[in-house]
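Engineer: coords please:
(one chain, ligands or ions: 2)
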Amino acid sequence: MNNFEFKNPTKIIFGKNQIAKIANELPRNAKVLLLYGGGSIKRNGIYDKVKLALSEFDVLEFEGIPPNPEYQVLLNALKIIKEEKITYLLGVGGGSVIDGTKFLSAAALYEGKTPWDILEKKIRTIKGIPFGTVLTLPATGSEMNSGAVISRAETKQKLSMGGSGLFPEFSILDPEVVYSIPYHQISNGLADSFTHVLEQYITYPIGAVLQDRFSESILQTIIETAPRILEDKTDYKAASNFMWSCTMALNGLIQKGVPTDWAIHGMGHELTALFGIDHACTLAILTPSHYYYNLETKKEKLAQYAERVWGVTFGSIEEKAIKGIEKTERFFKDIGISTKLSDYTNNYKGAAQTIANTFEERGWVGMGEHKKISPKDIEKIIEMAY
Ligand code: NZQ
Ligand code: ZN
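Structural biologist: Ligands and ions are numbered 1, 2, ... in the order given. Sure thing, here's the model as predicted:
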(Lines give C-alpha, C1' and ligand atoms only; values in the text may rest on other atoms or scores of the structure.)
(Ligands and ions follow the chains in the order given, each with its own letter.)
Protein backbone atom coordinates (compact mmCIF):
# COMPACT_ATOMS: atom_id res chain seq x y z
CA MET A 1 0.00 0.00 0.00
CA ASN A 2 1.21 3.56 -0.71
CA ASN A 3 1.69 6.10 2.08
CA PHE A 4 -1.30 8.36 2.62
CA GLU A 5 -2.89 11.04 4.75
CA PHE A 6 -6.64 11.05 5.20
CA LYS A 7 -8.82 13.76 6.64
CA ASN A 8 -12.45 14.25 5.75
CA PRO A 9 -14.09 16.92 7.93
CA THR A 10 -17.60 16.81 6.43
CA LYS A 11 -20.34 15.99 8.91
CA ILE A 12 -22.95 13.72 7.36
CA ILE A 13 -26.51 13.91 8.64
CA PHE A 14 -28.27 10.93 7.08
CA GLY A 15 -31.89 9.83 7.09
CA LYS A 16 -35.54 10.82 6.93
CA ASN A 17 -36.67 14.26 8.11
CA GLN A 18 -33.19 15.56 8.75
CA ILE A 19 -33.43 18.83 6.82
CA ALA A 20 -34.67 20.68 9.91
CA LYS A 21 -31.25 20.07 11.43
CA ILE A 22 -29.66 22.67 9.15
CA ALA A 23 -30.47 25.20 11.87
CA ASN A 24 -28.18 23.38 14.35
CA GLU A 25 -25.25 23.54 11.94
CA LEU A 26 -25.24 27.22 10.97
CA PRO A 27 -23.58 29.91 13.06
CA ARG A 28 -26.34 31.96 14.79
CA ASN A 29 -25.30 35.22 13.16
CA ALA A 30 -24.73 33.75 9.68
CA LYS A 31 -25.84 35.72 6.65
CA VAL A 32 -26.78 32.87 4.35
CA LEU A 33 -26.97 32.62 0.56
CA LEU A 34 -29.24 29.73 -0.38
CA LEU A 35 -28.17 28.38 -3.78
CA TYR A 36 -30.17 26.02 -5.96
CA GLY A 37 -30.80 24.86 -9.51
CA GLY A 38 -33.62 25.12 -11.99
CA GLY A 39 -36.47 24.72 -9.54
CA SER A 40 -36.90 20.99 -8.92
CA ILE A 41 -36.66 21.75 -5.18
CA LYS A 42 -39.74 23.94 -5.43
CA ARG A 43 -41.76 21.15 -7.05
CA ASN A 44 -40.75 18.36 -4.67
CA GLY A 45 -41.13 20.21 -1.37
CA ILE A 46 -37.43 20.34 -0.43
CA TYR A 47 -37.38 24.14 -0.80
CA ASP A 48 -40.19 24.55 1.75
CA LYS A 49 -38.42 22.30 4.25
CA VAL A 50 -35.16 24.21 3.84
CA LYS A 51 -36.88 27.58 4.18
CA LEU A 52 -38.62 26.42 7.33
CA ALA A 53 -35.30 25.29 8.79
CA LEU A 54 -33.82 28.68 7.93
CA SER A 55 -36.67 30.74 9.37
CA GLU A 56 -34.52 32.19 12.17
CA PHE A 57 -31.70 33.23 9.83
CA ASP A 58 -30.92 36.13 7.55
CA VAL A 59 -31.21 34.48 4.11
CA LEU A 60 -30.85 35.59 0.49
CA GLU A 61 -31.44 33.27 -2.46
CA PHE A 62 -29.81 32.54 -5.79
CA GLU A 63 -31.79 30.36 -8.17
CA GLY A 64 -30.74 28.90 -11.53
CA ILE A 65 -27.40 27.12 -11.27
CA PRO A 66 -27.67 24.90 -14.36
CA PRO A 67 -26.53 21.29 -14.79
CA ASN A 68 -22.80 21.46 -15.55
CA PRO A 69 -22.57 24.65 -13.48
CA GLU A 70 -21.79 27.58 -15.73
CA TYR A 71 -19.12 30.10 -14.84
CA GLN A 72 -21.03 33.12 -16.15
CA VAL A 73 -24.08 32.26 -14.06
CA LEU A 74 -21.94 31.75 -10.98
CA LEU A 75 -20.37 35.18 -11.42
CA ASN A 76 -23.82 36.68 -10.79
CA ALA A 77 -24.01 34.82 -7.50
CA LEU A 78 -20.48 35.95 -6.65
CA LYS A 79 -21.59 39.54 -7.06
CA ILE A 80 -24.36 39.02 -4.52
CA ILE A 81 -21.97 37.34 -2.07
CA LYS A 82 -19.62 40.31 -2.22
CA GLU A 83 -22.21 43.10 -2.24
CA GLU A 84 -24.34 41.57 0.51
CA LYS A 85 -21.41 40.41 2.63
CA ILE A 86 -22.66 36.83 2.75
CA THR A 87 -20.90 34.73 5.40
CA TYR A 88 -22.30 31.24 4.74
CA LEU A 89 -23.38 29.33 1.61
CA LEU A 90 -26.01 26.61 1.52
CA GLY A 91 -26.17 24.58 -1.70
CA VAL A 92 -29.38 22.58 -2.18
CA GLY A 93 -29.19 20.30 -5.19
CA GLY A 94 -27.17 17.70 -7.04
CA GLY A 95 -23.51 17.75 -8.02
CA SER A 96 -23.95 20.85 -10.16
CA VAL A 97 -25.35 23.06 -7.41
CA ILE A 98 -22.85 21.72 -4.87
CA ASP A 99 -19.92 22.21 -7.26
CA GLY A 100 -21.16 25.72 -8.04
CA THR A 101 -21.30 26.40 -4.30
CA LYS A 102 -17.70 25.21 -3.92
CA PHE A 103 -16.55 27.49 -6.73
CA LEU A 104 -18.27 30.42 -5.00
CA SER A 105 -16.77 29.49 -1.65
CA ALA A 106 -13.31 29.70 -3.24
CA ALA A 107 -13.97 32.68 -5.50
CA ALA A 108 -15.40 34.78 -2.64
CA LEU A 109 -12.00 34.84 -0.93
CA TYR A 110 -9.87 34.74 -4.08
CA GLU A 111 -7.75 37.86 -4.34
CA GLY A 112 -6.81 37.63 -8.03
CA LYS A 113 -8.75 39.53 -10.70
CA THR A 114 -10.26 36.64 -12.67
CA PRO A 115 -11.83 33.80 -10.69
CA TRP A 116 -11.54 31.54 -13.77
CA ASP A 117 -7.82 31.38 -12.92
CA ILE A 118 -8.75 29.11 -10.00
CA LEU A 119 -9.68 26.53 -12.65
CA GLU A 120 -7.32 27.34 -15.47
CA LYS A 121 -4.23 27.80 -13.32
CA LYS A 122 -5.24 24.99 -10.97
CA ILE A 123 -5.09 27.14 -7.84
CA ARG A 124 -5.85 24.97 -4.80
CA THR A 125 -8.23 26.45 -2.24
CA ILE A 126 -6.98 26.15 1.31
CA LYS A 127 -9.65 28.43 2.69
CA GLY A 128 -13.04 29.31 1.27
CA ILE A 129 -16.12 30.78 2.89
CA PRO A 130 -17.90 28.07 4.87
CA PHE A 131 -20.75 26.14 3.30
CA GLY A 132 -23.09 23.24 3.84
CA THR A 133 -25.25 21.23 1.46
CA VAL A 134 -28.56 19.45 1.18
CA LEU A 135 -28.06 16.69 -1.40
CA THR A 136 -31.02 16.14 -3.73
CA LEU A 137 -29.44 13.75 -6.25
CA PRO A 138 -27.10 10.88 -5.31
CA ALA A 139 -24.35 10.61 -7.92
CA THR A 140 -21.18 12.65 -7.67
CA GLY A 141 -20.07 12.38 -4.04
CA SER A 142 -19.51 16.14 -4.11
CA GLU A 143 -21.45 16.34 -0.82
CA MET A 144 -18.50 14.77 0.98
CA ASN A 145 -15.44 15.70 -1.06
CA SER A 146 -13.44 18.80 -1.83
CA GLY A 147 -13.56 18.79 -5.63
CA ALA A 148 -15.72 20.62 -8.16
CA VAL A 149 -16.07 20.77 -11.93
CA ILE A 150 -17.10 24.04 -13.58
CA SER A 151 -18.09 24.68 -17.20
CA ARG A 152 -17.57 27.73 -19.37
CA ALA A 153 -19.75 27.65 -22.49
CA GLU A 154 -17.97 30.63 -24.09
CA THR A 155 -14.71 28.68 -24.42
CA LYS A 156 -16.18 25.14 -24.41
CA GLN A 157 -14.16 24.31 -21.30
CA LYS A 158 -15.04 22.08 -18.38
CA LEU A 159 -12.32 22.11 -15.72
CA SER A 160 -11.87 20.79 -12.20
CA MET A 161 -10.77 22.54 -9.05
CA GLY A 162 -10.44 21.71 -5.39
CA GLY A 163 -8.43 21.97 -2.21
CA SER A 164 -8.61 21.12 1.46
CA GLY A 165 -10.71 24.25 2.10
CA LEU A 166 -13.57 22.99 -0.05
CA PHE A 167 -15.15 20.22 1.99
CA PRO A 168 -18.72 21.02 2.96
CA GLU A 169 -18.97 21.63 6.72
CA PHE A 170 -22.07 19.45 6.73
CA SER A 171 -24.26 17.62 4.24
CA ILE A 172 -27.83 16.48 4.78
CA LEU A 173 -28.50 13.16 3.06
CA ASP A 174 -32.21 12.39 3.13
CA PRO A 175 -32.86 9.37 0.87
CA GLU A 176 -36.49 10.48 0.39
CA VAL A 177 -35.24 13.12 -2.07
CA VAL A 178 -34.79 10.25 -4.53
CA TYR A 179 -38.57 9.84 -4.87
CA SER A 180 -38.84 12.82 -7.24
CA ILE A 181 -35.74 12.23 -9.37
CA PRO A 182 -36.49 11.43 -13.05
CA TYR A 183 -35.61 7.87 -14.15
CA HIS A 184 -32.69 8.91 -16.36
CA GLN A 185 -31.09 10.96 -13.57
CA ILE A 186 -31.22 7.92 -11.28
CA SER A 187 -29.47 5.92 -14.01
CA ASN A 188 -26.91 8.69 -14.26
CA GLY A 189 -26.27 8.54 -10.53
CA LEU A 190 -25.78 4.77 -10.69
CA ALA A 191 -23.38 5.00 -13.64
CA ASP A 192 -21.42 7.93 -12.21
CA SER A 193 -20.88 6.38 -8.79
CA PHE A 194 -20.05 3.00 -10.37
CA THR A 195 -17.39 4.61 -12.55
CA HIS A 196 -15.99 6.56 -9.60
CA VAL A 197 -15.19 3.28 -7.93
CA LEU A 198 -13.76 1.81 -11.13
CA GLU A 199 -11.44 4.80 -11.63
CA GLN A 200 -9.94 4.15 -8.20
CA TYR A 201 -9.86 0.36 -8.47
CA ILE A 202 -9.19 -0.80 -12.05
CA THR A 203 -5.48 0.04 -12.07
CA TYR A 204 -2.84 -2.49 -10.96
CA PRO A 205 -2.51 -4.65 -7.84
CA ILE A 206 -0.64 -3.00 -4.99
CA GLY A 207 -1.60 -5.25 -2.10
CA ALA A 208 -4.15 -2.84 -0.63
CA VAL A 209 -6.47 -5.65 0.37
CA LEU A 210 -8.92 -3.65 2.44
CA GLN A 211 -9.17 -0.86 -0.16
CA ASP A 212 -9.98 -3.46 -2.82
CA ARG A 213 -12.68 -4.95 -0.61
CA PHE A 214 -14.17 -1.51 0.08
CA SER A 215 -14.34 -0.84 -3.67
CA GLU A 216 -15.80 -4.25 -4.46
CA SER A 217 -18.46 -3.88 -1.79
CA ILE A 218 -19.57 -0.52 -3.16
CA LEU A 219 -19.74 -1.94 -6.70
CA GLN A 220 -21.72 -4.93 -5.50
CA THR A 221 -24.11 -2.71 -3.56
CA ILE A 222 -24.71 -0.53 -6.61
CA ILE A 223 -25.32 -3.59 -8.81
CA GLU A 224 -27.73 -5.03 -6.25
CA THR A 225 -29.54 -1.75 -5.68
CA ALA A 226 -29.84 -0.62 -9.31
CA PRO A 227 -32.81 -2.80 -10.39
CA ARG A 228 -34.66 -2.10 -7.13
CA ILE A 229 -34.37 1.68 -7.27
CA LEU A 230 -35.14 1.76 -10.99
CA GLU A 231 -38.22 -0.35 -10.46
CA ASP A 232 -39.50 1.68 -7.51
CA LYS A 233 -37.77 4.91 -6.61
CA THR A 234 -39.93 5.23 -3.50
CA ASP A 235 -38.37 2.07 -2.03
CA TYR A 236 -36.69 3.71 0.98
CA LYS A 237 -34.28 0.86 1.59
CA ALA A 238 -33.05 0.98 -2.00
CA ALA A 239 -32.91 4.78 -1.98
CA SER A 240 -30.82 4.86 1.18
CA ASN A 241 -28.35 2.26 -0.08
CA PHE A 242 -28.11 4.05 -3.42
CA MET A 243 -27.44 7.37 -1.72
CA TRP A 244 -24.81 6.13 0.71
CA SER A 245 -23.01 4.14 -2.03
CA CYS A 246 -22.70 7.28 -4.15
CA THR A 247 -21.24 9.23 -1.25
CA MET A 248 -18.81 6.47 -0.29
CA ALA A 249 -17.68 6.07 -3.90
CA LEU A 250 -16.04 9.48 -3.94
CA ASN A 251 -15.44 10.77 -0.44
CA GLY A 252 -11.72 10.03 -0.62
CA LEU A 253 -11.65 6.83 1.44
CA ILE A 254 -11.21 4.21 -1.27
CA GLN A 255 -8.49 6.12 -3.13
CA LYS A 256 -6.14 6.24 -0.16
CA GLY A 257 -3.01 4.12 -0.51
CA VAL A 258 -3.80 3.00 -4.06
CA PRO A 259 -3.03 4.23 -7.59
CA THR A 260 -5.92 5.96 -9.36
CA ASP A 261 -6.73 6.45 -13.02
CA TRP A 262 -9.28 9.24 -13.76
CA ALA A 263 -8.60 9.20 -17.53
CA ILE A 264 -12.25 8.29 -18.20
CA HIS A 265 -13.36 11.41 -16.34
CA GLY A 266 -10.71 13.53 -18.08
CA MET A 267 -11.98 12.47 -21.52
CA GLY A 268 -15.62 12.53 -20.41
CA HIS A 269 -15.51 16.18 -19.35
CA GLU A 270 -14.42 17.04 -22.89
CA LEU A 271 -17.41 15.19 -24.38
CA THR A 272 -19.68 17.22 -22.11
CA ALA A 273 -17.90 20.45 -23.06
CA LEU A 274 -18.20 19.66 -26.80
CA PHE A 275 -21.64 18.07 -27.01
CA GLY A 276 -23.42 18.78 -23.72
CA ILE A 277 -23.74 15.03 -23.02
CA ASP A 278 -24.67 14.25 -19.38
CA HIS A 279 -21.57 13.56 -17.28
CA ALA A 280 -22.53 9.98 -16.39
CA CYS A 281 -23.30 9.10 -20.02
CA THR A 282 -19.83 10.24 -21.10
CA LEU A 283 -18.39 7.74 -18.63
CA ALA A 284 -20.51 4.88 -19.97
CA ILE A 285 -19.38 5.78 -23.48
CA LEU A 286 -15.69 5.75 -22.63
CA THR A 287 -15.25 3.06 -19.97
CA PRO A 288 -15.41 -0.04 -22.23
CA SER A 289 -13.01 1.34 -24.84
CA HIS A 290 -10.63 2.69 -22.21
CA TYR A 291 -10.43 -0.77 -20.63
CA TYR A 292 -10.12 -2.67 -23.92
CA TYR A 293 -7.40 -0.30 -25.08
CA ASN A 294 -5.46 -0.59 -21.80
CA LEU A 295 -6.17 -4.29 -21.25
CA GLU A 296 -2.51 -5.22 -20.94
CA THR A 297 -1.81 -2.86 -18.00
CA LYS A 298 -5.17 -3.35 -16.30
CA LYS A 299 -5.92 -7.02 -16.86
CA GLU A 300 -5.06 -8.25 -13.38
CA LYS A 301 -7.43 -5.86 -11.63
CA LEU A 302 -10.06 -6.35 -14.34
CA ALA A 303 -9.88 -10.11 -13.78
CA GLN A 304 -10.13 -9.67 -10.00
CA TYR A 305 -13.15 -7.42 -10.55
CA ALA A 306 -14.78 -9.92 -12.89
CA GLU A 307 -14.22 -12.68 -10.38
CA ARG A 308 -15.20 -10.96 -7.15
CA VAL A 309 -17.86 -8.56 -8.33
CA TRP A 310 -19.47 -10.46 -11.19
CA GLY A 311 -18.72 -14.03 -10.14
CA VAL A 312 -16.74 -14.96 -13.26
CA THR A 313 -14.86 -18.12 -12.33
CA PHE A 314 -13.60 -19.62 -15.60
CA GLY A 315 -10.84 -18.61 -17.99
CA SER A 316 -7.39 -17.10 -18.06
CA ILE A 317 -6.62 -13.70 -16.52
CA GLU A 318 -7.17 -12.12 -19.93
CA GLU A 319 -10.44 -13.92 -20.58
CA LYS A 320 -11.77 -12.95 -17.18
CA ALA A 321 -10.66 -9.35 -17.73
CA ILE A 322 -12.58 -9.20 -21.01
CA LYS A 323 -15.65 -10.72 -19.32
CA GLY A 324 -15.35 -7.95 -16.70
CA ILE A 325 -15.47 -5.29 -19.41
CA GLU A 326 -18.42 -7.00 -21.11
CA LYS A 327 -20.32 -7.16 -17.80
CA THR A 328 -19.65 -3.48 -17.21
CA GLU A 329 -20.98 -2.48 -20.61
CA ARG A 330 -24.04 -4.71 -20.05
CA PHE A 331 -24.62 -3.03 -16.68
CA PHE A 332 -24.69 0.44 -18.27
CA LYS A 333 -27.12 -0.77 -20.93
CA ASP A 334 -29.32 -2.52 -18.36
CA ILE A 335 -29.75 0.73 -16.44
CA GLY A 336 -30.71 2.47 -19.67
CA ILE A 337 -27.48 4.19 -20.71
CA SER A 338 -26.06 3.84 -24.24
CA THR A 339 -22.36 3.18 -24.54
CA LYS A 340 -21.57 4.62 -27.99
CA LEU A 341 -20.89 8.27 -28.76
CA SER A 342 -22.88 8.04 -31.99
CA ASP A 343 -26.02 7.32 -29.92
CA TYR A 344 -25.76 10.87 -28.53
CA THR A 345 -24.60 13.02 -31.44
CA ASN A 346 -24.23 12.89 -35.21
CA ASN A 347 -21.21 15.17 -35.10
CA TYR A 348 -18.89 12.70 -33.44
CA LYS A 349 -16.39 12.44 -36.28
CA GLY A 350 -13.32 14.45 -35.40
CA ALA A 351 -14.15 14.55 -31.68
CA ALA A 352 -11.29 12.18 -30.86
CA GLN A 353 -8.73 14.36 -32.57
CA THR A 354 -10.12 17.59 -31.12
CA ILE A 355 -9.93 16.18 -27.61
CA ALA A 356 -6.46 14.75 -28.17
CA ASN A 357 -5.30 18.18 -29.37
CA THR A 358 -6.82 19.86 -26.31
CA PHE A 359 -4.97 17.43 -24.04
CA GLU A 360 -1.74 18.13 -25.91
CA GLU A 361 -2.19 21.91 -25.59
CA ARG A 362 -2.82 21.61 -21.87
CA GLY A 363 0.22 19.44 -21.41
CA TRP A 364 -1.90 16.46 -20.35
CA VAL A 365 0.49 14.08 -22.04
CA GLY A 366 0.60 11.28 -19.47
CA MET A 367 -2.82 10.16 -18.26
CA GLY A 368 -3.86 7.09 -16.27
CA GLU A 369 -2.33 5.34 -13.27
CA HIS A 370 1.01 4.91 -15.05
CA LYS A 371 0.96 8.45 -16.45
CA LYS A 372 1.68 6.96 -19.84
CA ILE A 373 -1.51 7.45 -21.83
CA SER A 374 -0.58 9.97 -24.50
CA PRO A 375 -2.88 12.24 -26.52
CA LYS A 376 -2.44 9.80 -29.42
CA ASP A 377 -3.79 7.01 -27.16
CA ILE A 378 -6.64 9.27 -26.06
CA GLU A 379 -7.55 9.78 -29.71
CA LYS A 380 -7.67 6.02 -30.31
CA ILE A 381 -9.72 5.31 -27.18
CA ILE A 382 -12.31 7.91 -28.13
CA GLU A 383 -12.45 6.63 -31.71
CA MET A 384 -13.15 3.16 -30.35
CA ALA A 385 -16.15 4.66 -28.52
CA TYR A 386 -17.73 6.18 -31.67
O1 NZQ B 1 -31.60 22.10 -11.47
P2 NZQ B 1 -32.67 21.35 -10.77
O3 NZQ B 1 -34.00 21.92 -10.99
O4 NZQ B 1 -32.35 21.12 -9.33
O5 NZQ B 1 -32.78 19.90 -11.46
C6 NZQ B 1 -31.73 18.95 -11.45
C7 NZQ B 1 -30.99 18.88 -12.78
O8 NZQ B 1 -31.80 19.23 -13.84
C9 NZQ B 1 -32.32 17.57 -11.32
N10 NZQ B 1 -32.56 17.16 -9.93
C11 NZQ B 1 -31.69 17.16 -8.90
N12 NZQ B 1 -32.27 16.66 -7.79
C13 NZQ B 1 -33.55 16.37 -8.12
C14 NZQ B 1 -33.74 16.69 -9.47
N15 NZQ B 1 -34.92 16.53 -10.09
C16 NZQ B 1 -35.94 16.04 -9.36
N17 NZQ B 1 -35.83 15.67 -8.04
C18 NZQ B 1 -34.64 15.84 -7.40
N19 NZQ B 1 -34.54 15.46 -6.11
O20 NZQ B 1 -31.35 16.72 -11.89
C21 NZQ B 1 -30.67 17.41 -12.93
C22 NZQ B 1 -29.20 17.10 -12.89
O23 NZQ B 1 -28.62 17.64 -11.73
P24 NZQ B 1 -27.01 17.74 -11.59
O25 NZQ B 1 -26.73 18.36 -10.28
O26 NZQ B 1 -26.44 18.37 -12.82
O27 NZQ B 1 -26.58 16.21 -11.61
P28 NZQ B 1 -25.36 15.47 -10.95
O29 NZQ B 1 -25.55 15.34 -9.50
O30 NZQ B 1 -25.17 14.25 -11.75
O31 NZQ B 1 -24.11 16.45 -11.15
C32 NZQ B 1 -23.38 16.49 -12.35
C33 NZQ B 1 -22.26 17.49 -12.24
O34 NZQ B 1 -21.32 17.12 -11.22
C35 NZQ B 1 -20.00 17.01 -11.78
C36 NZQ B 1 -20.29 16.65 -13.21
O37 NZQ B 1 -19.17 16.88 -14.05
C38 NZQ B 1 -21.46 17.55 -13.54
O39 NZQ B 1 -21.04 18.86 -13.81
N40 NZQ B 1 -19.18 16.06 -11.01
C41 NZQ B 1 -18.73 16.47 -9.80
C42 NZQ B 1 -17.90 15.69 -9.04
C43 NZQ B 1 -17.41 16.13 -7.73
N44 NZQ B 1 -17.62 17.36 -7.34
O45 NZQ B 1 -16.79 15.36 -7.00
C46 NZQ B 1 -17.42 14.38 -9.51
C47 NZQ B 1 -18.16 13.84 -10.67
O48 NZQ B 1 -17.33 12.93 -11.34
C49 NZQ B 1 -18.65 14.88 -11.63
O50 NZQ B 1 -17.61 15.28 -12.52
ZN1 ZN C 1 -18.14 11.33 -12.18
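Engineer: Not counting its own residues, what contacts stretch 243-256?
Structural biologist: Stretch 243-256 has contacts (Cβ atoms under 8 Å, 6 or more residues apart in numbering) with 4, 6, 8, 10, 12, 14, 135, 138-145, 173, 175, 178, 189, 192-194, 196-197, 200-201, 211, 214-215, 218, 221-222, 225. (Glycine included, C-beta is placed from N, CA and C.)
Engineer: what mean pLDDT does it have?
Structural biologist: Across stretch 243-256, pLDDT averages out at 98.
Engineer: What of stretch 215-234?
Structural biologist: So the average pLDDT for stretch 215-234 ends up being 98.
Engineer: Tell me which residues of that stretch come out buried.
Structural biologist: 215-219, 221-223, 225-226, 229-230, 233 (16 or more other Cβ atoms under 10 Å).
Engineer: Read off the pLDDT value for K380.
Structural biologist: pLDDT, K380: 98.
Engineer: follow-up on the earlier one: closest one of the buried residues of stretch 215-234 to ligand 1?
Structural biologist: K233 (9.7 Å; Cβ to the nearest ligand atom).
Engineer: List the contacts of the residue nearest the centre of the chain.
Structural biologist: Geometric centre of the chain, nearest residue: T140, 2.9 Å, by Cα atoms, centre = their mean. By Cβ under 8 Å, 6+ apart, T140 lies in contact with 94-95, 98-99, 192, 246, 250, 279.
Engineer: Find the pair from those residues with maximum spatial separation.
Structural biologist: Farthest pair in the contacts of T140 (Cβ to Cβ) is D99 and C246. Separation: 14.5 Å.
Engineer: In terms of secondary structure, what does the helix or strand containing G100 contact?
Structural biologist: Using DSSP states H and E, the element containing G100 is helix 95-109. If contacts are counted by 3 or more Cβ pairs under 8 Å, 6 or more residues apart in numbering; DSSP states H and E, helix 95-109 sits against strand 31-36, helix 71-83, strand 88-93, helix 117-120, strand 131-135, strand 147-152, strand 157-162.
Engineer: That one near ligand 1 at all?
Structural biologist: Yes: with Cβ under 6 Å from any ligand atom as the criterion, ligand 1 is reached by helix 95-109 at 95-97, 99.
Engineer: Neighbour count, distance to G128 and pLDDT added to those, as CSV?
Structural biologist: Shown next, in CSV, are the residues of helix 95-109 next to ligand 1 (neighbours: other Cβ atoms under 10 Å; distance: Cβ to Cβ, whole Å; pLDDT from 0 to 100):
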residue, neighbour count, distance to G128, pLDDT
G95, 28, 17, 98
S96, 26, 18, 98
V97, 30, 16, 98
D99, 27, 13, 98
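Engineer: and the nearest residue to G128 once chain neighbours are set aside, how many neighbours?
Structural biologist: Nearest non-adjacent residue to G128, counting by Cβ to Cβ, 6 or more residues apart in numbering: S105, 3.3 Å away. Residues near S105, counting by other Cβ atoms under 10 Å, number 26.
Engineer: can you list the residues of the stretch 1-150 of the chain near ligand 1?
Structural biologist: 37-41, 44, 67-68, 93-97, 99, 136-137, 139-142, 145, 147-149.
Engineer: Repeat the analysis, applying 5 Å as the threshold.
Structural biologist: Within the stretch 1-150 of the chain, the positions near ligand 1 by Cβ under 5 Å from any ligand atom are 37-40, 67-68, 93-96, 99, 136-137, 139-140, 142, 145, 147-149.
Engineer: ok, of these, which come out buried?
Structural biologist: Buried members of those, scored by 16+ other Cβ under 10 Å, are 37, 40, 67-68, 93-96, 99, 136-137, 139-140, 142, 145, 147-149.
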